[in-house]
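Trainee: predicted model, plus sequence, below.
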Amino acid sequence: MDPMNPFTTLLATVRHALTDLAAAGVLPEGLDTERVSVEPARDPAHGDAATNAAMVLAKPAGRKPMAIATPLAEALMRDPDVAHAEAAAPGFVNLRMRDAFWQRQVAVILEAGDDYGRCDLGQGLAVNVEYCSANPTGPLHVGHARGTVVGDALASLLERVGYAVTREYYVNDGGAQIEALARSIHHRYREILGDAPGPMPDGLYPFAELMPVAEAIVARDGDRWRSADESAWLVPFGRAGVEAMRARIESDLSALGVHHDVFVSEKSLVEEGRVDAALDQLRADGLLYEGTLPPPKGRVDEDWEPVPQLLFRSTSFGDDIDRPLVRSTGAWTYFAADLAYHLDKYRRGFAWQIDVWGADHGGYVKRMQAAVRALSGGRAKLDVLLCRLVNILDGGQPLKMSKRAGRIVWLADVIDEVGADALRFIMLTRKSDAPLDFDLQKAIEQSKDNPVFYVQYAHARICSVLRNAAALDMRAEEGAPDAALLARLDDPAELSLIRRLATMPRVVEGAAVNLEPHRVAFFLHDVAAEFHTLWTRGKEQPTLRFLREDDLELTRARLALLRATQTVLRLGLRIMGVRPVEEMH
RNA sequence: GCGCCCUUAGCUCAGCCGGAUAGAGCAGCUGCCUUCUAAGCAGCAGGUCGCAGGUUCGAGUCCUGCAGGGCGCGCCA
């Protein structure tokens, strides 16, 4: 039960009325009211809210829906907050609440302050959100932005509804890509020493950001690695590269306002024997075997050779095919290390794990979920949020990145140009599995095509009025206003805005349980729209202006509404990780 | 061939664990700046919700099939 959510209040009211009807013999006793809900009315003509109670209970009660809806409406009419209740075919009960019910929400918001929209849905349950997790082989580029922003907003959202959230980053600091990093740095190293080693070979990293790493090695070690055997420098060069790139990535994340609680190193897991331990556990459960996988069907693969491998029986947990754990080189597969990592999360107390991945890893979801189920004995759950690739545009023209040619748009550069706020907001304006265009020009132009400014403008306008109020000595008071004062907020546009604000708790809950942070962005857009409407009406009709020197009481009421709106915008933006601005430039 | 995701207005997308007459932005058209910031507002126009069945009192939403698009399909991450 969430006291800040007026719709849960109404649901309780409806359930109470149903109990009364049962006591009066209109309904059977002991009906299951689990499916009864109260939702905001889509059409204002239907009132403020509607309940499906009569339709849901018709069958179990053995009554026609309208035979329940009619007495239910009568019972609800007795509630002092209900202005009107009526049954409507095929069995809705439409509720219109008294203005005071909505006006009270302004006080609820102001009393709650920063805690508005919080609830205990999560009941303190630990959840681990792993996101970004880019390989430490280079700085973050724009392609990393979406998953990073979505993961971070999701983490904030889950915190908001009462989960104990850990933000985590998995560092793939082992394996072939680190060797490639080491070789790339060695190539730069020889360049600096004047060896003219030619263009960066395919498969290595050609971008200039590795130069400082090589320079640091020259400064420290001179030319001692110049003609040394690869086996001598591969490890130290790789370590230097990982160290430098991890620092750079953390700085990129910091510029974006993202701060992970935990970084877990894949290399450490392997070195500590955690992979062996995870596989031992699976082996003990009879989930490992030596076998040969069938070749992929309908797809010609010249190189395919049937080879017996160590396999994990993931098909027992819903996967399509069993998965290999050891490469022909004898090294663990990435999946094997990931098994150890997810077991580690479970051991650290996370029965709920969320991974945010790029959509190109979609084929990986089933096996990882199977692994988490297997390793936890079915006690842990893994959700995977897939983010589709963002189309980067520059003035309407697609911008193709090419890692081989070193044509990469670095995240830090984008943040410098458009700002972290615009970037984060735009990344949250689409469902994560929907395509998303990100146009650098539009974000820079700050034109009206840029959605972040619409919301920030609303917040800035409110701040402007509050400043003007202070200048006119019509200062908004700190505490929550009383009912008599709030009763002055009786204009339809004001009440409409209040109703919108009051949906924030259910929007936040819905966004959290469905793992869809984008809903917050759409909600804020709607709030901003209602506010801009009210503002413009004040320009057209002076009696609707917020600051009325001829009516200080009304002014105080409207300032309270503005502060409540400001609070909702601020908190919503905070979930998205976007800073509210106090004025536009 | 198989798996996952997607298909809603001219374009880009919302649509709240099924709910009443499907919404927003952009593009187009018409209005609104001596007045708290016009980066805004009001209005007009625009949709067989890919197609066909099914479940249900009720389907854009759930199920099945089909079509189209995206991603992926042993020892890359």
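Mentor: Thanks, I have the structure now.

Trainee: near RNA strand B, which residues of the stretch 151-300 of chain A show up?
Mentor: Neighbours of RNA strand B within the stretch 151-300 of chain A, by Cβ under 7 Å from any atom of the strand: A:172, A:175-177, A:266, A:292-293, A:296-299. In this view, the C-beta of every residue, glycine as well, is placed from N, C-alpha and C.

Trainee: among these, which ones are buried?
Mentor: Taking 16 or more other Cβ atoms under 10 Å as the criterion, what is buried in those is A:172, A:175, A:177, A:266.

Trainee: need those in a markdown table (columns: pLDDT).
Mentor: Formatted as a markdown table, those follow (pLDDT from 0 to 100):
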| residue | pLDDT |
| --- | --- |
| A:172 | 94 |
| A:175 | 87 |
| A:177 | 92 |
| A:266 | 95 |
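
Trainee: now, which of the residues you listed lie within helices?
Mentor: A:177, A:266 (DSSP state H).

Trainee: quick one: which of the buried ones among the residues of the stretch 151-300 of chain A next to RNA strand B is nearest residue A:413?
Mentor: Set against residue A:413, the nearest of those by Cβ to Cβ is residue A:177 (22.8 Å).

Trainee: residues contacting that closest one?
Mentor: Counting by Cβ atoms under 8 Å, 6 or more residues apart in numbering, residue A:177 touches A:135, A:137.

Trainee: hang on, residue A:245 in a helix?
Mentor: Yes - the assignment for residue A:245 by DSSP: H, G, I helix; E, B strand; the rest coil puts it in a helix.

Trainee: need the pLDDT of it.
Mentor: pLDDT recorded at residue A:245 is 97.

Trainee: what's the separation between it and residue A:209?
Mentor: 8 Å (Cβ to Cβ, to the nearest Å).

Trainee: and residue A:231, by the same measure?
Mentor: 26 Å.

Trainee: swap in residue A:365?
Mentor: Relative to residue A:209, and taking Cβ to Cβ, residue A:365 is found at 32 Å.

Trainee: and for residue A:251?
Mentor: 12 Å.

Trainee: confidence-wise, which helix or strand of chain A is lowest on average?
Mentor: helix A:440-445 (a mean of 78; mean pLDDT, DSSP states H and E).

Trainee: report the buried residues of it.
Mentor: In helix A:440-445, counting by 16+ other Cβ under 10 Å, buried: A:440, A:442-444.

Trainee: mind checking pLDDT for residue A:533?
Mentor: 92.

Trainee: also residue A:508?
Mentor: For residue A:508, the predicted pLDDT is 94.

Trainee: so it touches residue A:574, yeah?
Mentor: No - Residue A:508 lies out of contact with residue A:574 (Cβ atoms under 8 Å); the separation is 11.3 Å.

Trainee: more crowded one of these two?
Mentor: residue A:508 (27 against 15; other Cβ atoms under 10 Å).

Trainee: for RNA strand B, give me its nearest residue in the stretch 401-550 of chain A.
Mentor: Closest to RNA strand B within the stretch 401-550 of chain A is residue A:538: 2.4 Å, counting by Cβ to the nearest atom of the strand.

Trainee: in what helix or strand does that residue lie?
Mentor: helix A:518-540 (DSSP states H and E).

Trainee: for RNA strand B, give me its nearest residue in chain A.
Mentor: Nearest residue of chain A to RNA strand B (Cβ to the nearest atom of the strand) works out as residue A:327 at 1.9 Å.

Trainee: that residue: neighbour count?
Mentor: 14.

Trainee: now it: closest residue in space, sequence neighbours ignored.
Mentor: Leaving aside its sequence neighbours, residue A:327 sits nearest to residue A:333 (Cβ to Cβ, 6 or more residues apart in numbering; 5.8 Å).
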